[in-house]
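**Q** With the input below, show me the fold.
(one chain, ligands or ions: 2)
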Amino acid sequence: MPSQSSIPWFDDFVGVAYRYYDLRMNVVPLFADRKQSVSLWHNTIHWWVDPSIKIRFLEIDDKYWFILGSDSQKPETNLSFFKELSKSENYERFKNGHEGEAYLRLGVYTKKILDDVKKDALCDCGHEAQDHDEGDNDLCLYNKCNCKKFSSFQINLLKKKKTITDIKFLEENDVKNDPLVWNCLNINRYSKFKEN
Ligand SMILES: [Zn+2]
Ligand SMILES: [Zn+2]
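**A** Ligands and ions are numbered 1, 2, ... in the order given. A predicted model of the protein is given here:
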């Protein structure tokens, strides 16, 4: 098996969702393209050895690095995943509620516009579609809301899943003690700073 440092890093996904599904928290890397998510599962994640899957959350102020990696039965197509994201309510809910175990699933993220949704669909501003004025650029008419355009999204989870039992939340001081995180930051963060 190649050493951790030779596994390529992958960040070509749109974000991560945290959802209750099948009675357990699910960690869901999101893809805009269904085909891409299916082939990534098929080529890479399918071959992961469940007990070796590691997920790390490196918290830096109001952001965090999502870092995911594993040993693979097919090392030549293995990848490690990372993404710098903003902390969210769902992230905090996962942090407080995961109890040491989660399912890993991939998801397909679809943006929705006003024409796509039912009247009671929620906009990102928190108000329903029917509060948005179809005639005037989707403006939200709810009291003093300053939402200018209805926007929402839908997430479809792929069925296949892996179980993650190695979950850690870290701060920058801990980075050197965690080989996966250390490798990720060296390649994807510190090296970029040096180039500038
Ligand atoms: Zn809105
Ligand atoms: Zn609104």
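
**Q** Could you use CA atoms for every contact and neighbour count after this?
**A** Fine.

**Q** would you say Phe13 is within a helix?
**A** No - assigned with DSSP: H, G, I helix; E, B strand; the rest coil, Phe13 falls outside any helix and is coil.

**Q** pLDDT score assigned to the residue nearest to Val175 when sequence neighbours are not counted?
**A** In this structure, Val175 finds its nearest non-sequential neighbour in Trp182, 5.4 Å apart by C-alpha to C-alpha, 6 or more residues apart in numbering. We have a pLDDT of 95 for Trp182.

**Q** Around ligand 2, which positions in this protein sit nearby?
**A** Contact residues (C-alpha under 5 Å from the ion) of the chain with ligand 2: 125, 127, 140, 145.

**Q** Three-state assignment for Phe66, please.
**A** Phe66 - assigned by three-state DSSP - is strand.

**Q** quick revisit: by neighbours, which of the residues of the chain next to ligand 2 wins?
**A** Neighbour counts for the residues of the chain next to ligand 2, by other C-alpha atoms under 10 Å, peak at Cys140, which reaches 24 neighbours.

**Q** Contacts only, for it.
**A** By C-alpha atoms under 8 Å, 6 or more residues apart in numbering, Cys140 lies in contact with 127, 131-133, 146-150.

**Q** I'd like the distance from the residue nearest to Val175 to Leu170, if you could.
**A** Distance, Trp182 to Leu170, by C-alpha to C-alpha, to the nearest Å: 11 Å.

**Q** ok, which stretches of the chain are strands?
**A** Listed in chain order, the strands of the chain (DSSP state E) span 9-10, 15-21, 24-31, 54-60, 63-69, 80-86, 102-104, 107-112, 152-157, 162-164, 166-171.
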